[in-house]
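Sequence below, structure please.
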Amino acid sequence: MYKQRQKILSSIHNRELQVAIQPIVDARTMHCHSIECLARLPNVTATQLIETADDHSLGHIVSLQVLELSLSSINNVPIPINFNLSPHQLTSEKVTKKIQALLDQYEYPAGSLTIELTETPSSRSTRQMLKALTPLLDSGVRLSLDDFGIGSQSIQRVLDLPLQQLKIDRSFISNIHQSSIKKDIVVAIIELATKHQIEVVCEGVELAQESEFLLKNQAYLQQGYLHSTPLLLPYNLHEISELSSTFCFNEFWGGELLANKCISCNI
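Coordinates of the predicted model:
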């Protein structure tokens with residue numbers, strides 16, 4: 001365990017992180033709506049990486065490295081990206097200024113970047129976070145709440161935040177077609193979000209029946225193994241633009257094909 005933690009810390013300090021992407025798909029058209037960019041290390045689980053980084057107050061370093069690697073790989077291809085930060089990390093103006101500096105450096109449009117909050121902030125940290133975030137939000141950067149419905153997230157807290165996107169946790173999506181309670185909860189969340197003009201993404205979609213139910217209930221944006229696994233980013237994304245309009249993410253990136261489904265990337 002000690003050697004594993006030291007390996008993780010060394011990889012962070014030496015900027016050896018890798019980036020995996022997982023598309024968010026518009027199930028109406030099977031177009032790629034955006035990609036979520038995730039930190040990865042060989043032979044280390046995502047949970048081990050994030051927990052070790054957080055235990056040593058390096059979570060913001062991991063997130064910023066992921067953003068920089070993603071922007072450098074995108075190389076002027078106008079594909080929207082999501083990446084994760086905690087509210088605590090966003091209370092630092094150094095972090096938000098670094099994000100702006102990276103957007104400027106890579107000439108990436110602010111409106112195509114979505115920051116996913118990995119937990120709901122307290123009232124105090126919300127004020128600090130929004131103060132630090134204001135310049136980014138004013139420039140067009142979008143705010144999303146990840147894993148909605150678990151932990152400390154409440155509907156009132158959601159309404160207190162300037163959210164453009166809400167990601168419903170996978171625990172509500174798993175086998176939703178077989179659970180009347182899950183159906184009612186998810187439909188209510190969709191209706192609430194729609195009323196307040198908040199985009200909804202459903203996480204953890206693994207079955208066609210789940211996707212079909214969500215589609216029928218206006219939950220168009222979906223993410224999960226049905227559409228694609230997280231796949232390591234091997235080279236510049238500008239090469240995507242040279243492909244035909246329809247391709248399979250898993251085949252293109254050399255990942256294991258878990259679903260015989262191809263999606264189009266609208267870039």
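
drop to CA atoms for contacts and neighbour counts, all remaining ones
Fine.

so Phe213 touches Ser179, yeah?
No: judged on CA atoms under 8 Å, Phe213 makes no contact with Ser179 at a distance of 11.3 Å.

With neighbour numbers in mind, choose between those two.
It is Phe213, of Phe213 and Ser179, that has more neighbours when counted by other CA atoms under 10 Å, with 15 against 12.

confidence score at the residue lying closest to the more buried one once chain neighbours are set aside?
Nearest residue to Phe213 in three dimensions, chain neighbours excluded: His177, at 6.4 Å (CA to CA, 6 or more residues apart in numbering). In this model, His177 is scored at 97, pLDDT.

is it true that His177 touches Val186?
No: His177 is not in contact with Val186 according to CA under 8 Å; the separation is 11.1 Å.

Please, where are all the strands along the stretch 1-150 of the chain?
Taking DSSP state E, counting those that start in this stretch as the criterion, the stretch 1-150 of the chain carries its strands at 18-26, 31-40, 81-85, 113-117, 142-148.

who touches stretch 58-68?
By CA atoms under 8 Å, 6 or more residues apart in numbering, the surrounding residues in contact with stretch 58-68 are 12, 15, 17-19, 37-39, 50, 53, 83-85, 89, 95, 98-99, 102.

what's the neighbour count on the closest residue to Ile12 other than its chain neighbours?
Spatial nearest neighbour of Ile12, excluding adjacent residues (CA to CA, 6+ apart): Val62 at 6.8 Å. By the criterion of other CA under 10 Å, Val62 has 24 neighbours.

Next one: Val62 from Leu9, what distance?
According to CA to CA, to the nearest Å, Val62 stands 10 Å off from Leu9.

For the protein, give me the ranges with low pLDDT.
Within the chain, the stretches with pLDDT under 70 are 75-76, 78, 120-124, 151-154, 156-157, 234-267.

mind running it again at 50?
Residue ranges of the chain with pLDDT under 50: 235-236, 238-267.

residue ranges of the helices in it, please?
Per DSSP state H, the chain carries helices over the ranges 2-13, 46-55, 59-74, 87-90, 93-105, 123-139, 155-160, 170-173, 180-195, 208-216, 249-253.

Just put these in a markdown table and tack on distance to Leu226.
A markdown table is the format used below for the helices of the chain (distance: least, CA to CA, whole Å):
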| stretch | distance to Leu226 |
| --- | --- |
| helix 2-13 | 30 |
| helix 46-55 | 20 |
| helix 59-74 | 23 |
| helix 87-90 | 30 |
| helix 93-105 | 32 |
| helix 123-139 | 32 |
| helix 155-160 | 28 |
| helix 170-173 | 12 |
| helix 180-195 | 19 |
| helix 208-216 | 7 |
| helix 249-253 | 11 |
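
nearest to Glu116, of these?
Of all the helices of the chain, it is helix 87-90 that lies closest to Glu116, at 9.5 Å by CA to CA.

sorry, back to before: can you list residues touching both of Val62 and Leu9?
The contact sets of Val62 and Leu9 overlap at Ala53 (CA under 8 Å, 6+ apart).

Give me the neighbour count for the nearest residue to Arg142 once chain neighbours are set aside.
Leaving aside its sequence neighbours, Arg142 sits nearest to Thr114 (CA to CA, 6+ apart; 4.5 Å). Per other CA under 10 Å, the neighbour tally for Thr114 reads 23.

got the contact list for Thr114?
80-83, 141-144 are the contacts of Thr114 under CA under 8 Å, 6+ apart.

returning to what we had before: can you select the buried ones from the contacts of stretch 58-68 in ChimeraX?
The buried subset of those, as determined by 16 or more other CA atoms under 10 Å, is captured in ChimeraX by this line:
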select :12,17,18,19,37,38,39,50,53,83,84,85,89,95,99,102
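
who touches Gly224 in this structure?
For Gly224, the contacting residues are 22, 203-206, by CA under 8 Å, 6+ apart.

Output those in a markdown table; the columns should cover distance to Glu119 and neighbour count.
Formatted as a markdown table, the contacts of Gly224 follow (distance: CA to CA, whole Å; neighbours: other CA atoms under 10 Å):
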| residue | distance to Glu119 | neighbour count |
| --- | --- | --- |
| Gln22 | 20 | 24 |
| Glu203 | 15 | 23 |
| Gly204 | 17 | 20 |
| Val205 | 21 | 22 |
| Glu206 | 23 | 22 |
